[in-house]
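Asks: Starting from these lines, generate the structure:
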Amino acid sequence: MGQYLLFGLEGLFQAWGSPLANDNRAVESRPTKSGVVGYLGACLGLTEAEHLKGLCSLIGFSCRVNRPGTKIVDFQSVGLLHRDTSKYIQDNGLPNRYFHAALNVRPEDRLALNHLFEKHTDLSRSNTIIGEREYLCGASFTACIWSLSKKVKLEYLMEHILYPIFQPFLGRKCCLQSAPQPQIIEARNLNRAYSGYSPITDDPVKGKVPVFWEGSDNSFTCKREHIRYDIVIGHRMFSPRLEKEGVYVFQ
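Replies: Below is the predicted model of the structure:
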């Protein structure tokens, strides 16, 4: 018998990131291990990448896709308008009084300073970049983790999921979640752990749904394998891991 900690990942929006190639932010179709480790890190109040790296290596991870949701795209702008910097630099190359005013301005002087900036702003030379931000709308997942070391206590993690130190979110800060409803299940294998998880819901899932896991658990039939780059090894640095895909059947 082993212990498994299961909790829901459900909210209006979710955004579990994938490796970045440009200014567009794509999302994965399901939570990443690094994203869930970050979620737990927020609950625990962890602030250093090394702490997240350690937590990532001490837990096993699985995810069940209850509802895949719908992918939507939002457009965001990033960048600054070009300003004539010669207005803020003296002939000797040192900043003038306008530059210092921009760094340390009294509240009553902000309006005048804004007029000064507008006067020297070239609207025809914009450096603004339009990027895409993808989100999953209406998705629902069940995360399952288990301890790979005596250093990790599932009861301690569950307590902080219920009473987090920092606000956890579903991939991005704008993606807040509904009640996670964590439960610790004692079961022989991963399949039985999912079967024993019974959150309160007014929209129960029926039929067959995908389930993903890592490790040597053989309670599901593996349909295919995936390589995912979501093992935390540093600040925004990830290494690959092998993930298996199967089918869970709701009774």
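Asks: use CA for all of it now, contacts and neighbours both
Replies: OK.
Asks: buried sites along whichever strand or helix holds residue 8?
Replies: Per DSSP states H and E, residue 8 falls inside strand 2-10. Across strand 2-10, burial judged by 16 or more other C-alpha atoms under 10 Å covers 3-10.
Asks: so the longest helix seen in the chain versus strand 2-10, what angle?
Replies: Of all the segments of type helix in the chain, defined by DSSP state H, the longest one is helix 33-44. If you take axes from the mean of the first three to the mean of the last three C-alpha atoms, to 10 degrees, helix 33-44 sits at 90 degrees to strand 2-10.
Asks: Show me what helix 33-44 is packed against.
Replies: Packing contacts for helix 33-44, counted by 3 or more C-alpha pairs under 8 Å, 6 or more residues apart in numbering; DSSP states H and E, involve helix 49-58, helix 154-162, strand 224-234.
Asks: could I get these as CSV with distance to residue 214, mean pLDDT and mean neighbour count?
Replies: Output for the helices and strands packed on helix 33-44, formatted as CSV (distance: least, C-alpha to C-alpha, whole Å; pLDDT from 0 to 100; neighbours: other C-alpha atoms under 10 Å):
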stretch, distance to residue 214, mean pLDDT, mean neighbour count
helix 49-58, 12, 86, 17
helix 154-162, 18, 95, 16
strand 224-234, 10, 85, 16
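Asks: now for those, which one comes closest to residue 29?
Replies: Nearest to residue 29 among the helices and strands packed on helix 33-44 is strand 224-234 (12.2 Å), distances taken as C-alpha to C-alpha.
Asks: neighbouring strands for that closest one, and are they parallel or not?
Replies: Paired strands of strand 224-234, with direction, are strand 237-250 (antiparallel) (DSSP bridges).
Asks: Residues touching the strand it pairs with, excluding its own?
Replies: Applying C-alpha atoms under 8 Å, 6 or more residues apart in numbering, the external contacts of strand 237-250 come out as 64, 191, 195, 205-215, 220-233.
Asks: Over to stretch 47-67?
Replies: 30-31, 33-34, 37-38, 41, 46, 138-149, 151-152, 205, 209-215, 231-235, 248.
Asks: now these: which count as buried?
Replies: Here, 16+ other C-alpha under 10 Å leaves 30-31, 33-34, 37-38, 41, 46, 139-147, 209, 211-213, 231-233, 248 buried among the contacts of stretch 47-67.
Asks: of all the buried residues of strand 2-10, which comes closest to residue 69?
Replies: Using C-alpha to C-alpha, residue 10 is the member of the buried residues of strand 2-10 that lies nearest residue 69, at 10.1 Å.
Asks: Dead centre of this structure: give me the residue that sits there.
Replies: The centroid of the chain falls nearest to residue 171 when counting by C-alpha atoms, centre = their mean (2.0 Å).
Asks: Tell me the secondary structure at it.
Replies: Three-state call for residue 171 (DSSP: H, G, I helix; E, B strand; the rest coil): coil.
Asks: could you point out where this protein is predicted with low confidence?
Replies: 18-23, 78-129, 235-236 (pLDDT under 70).
Asks: So which elements touch the strand holding residue 8?
Replies: strand 140-147, helix 154-162, strand 183-187, helix 190-196.
Asks: Out of these, the one nearest residue 76 is which?
Replies: Of all those, strand 140-147 sits nearest to residue 76, with 25.4 Å by C-alpha to C-alpha.
Asks: What strands flank the closest one, and is each parallel or antiparallel?
Replies: If you go by DSSP bridges, strand 140-147 pairs up with strand 2-10 (antiparallel), strand 59-67 (antiparallel).
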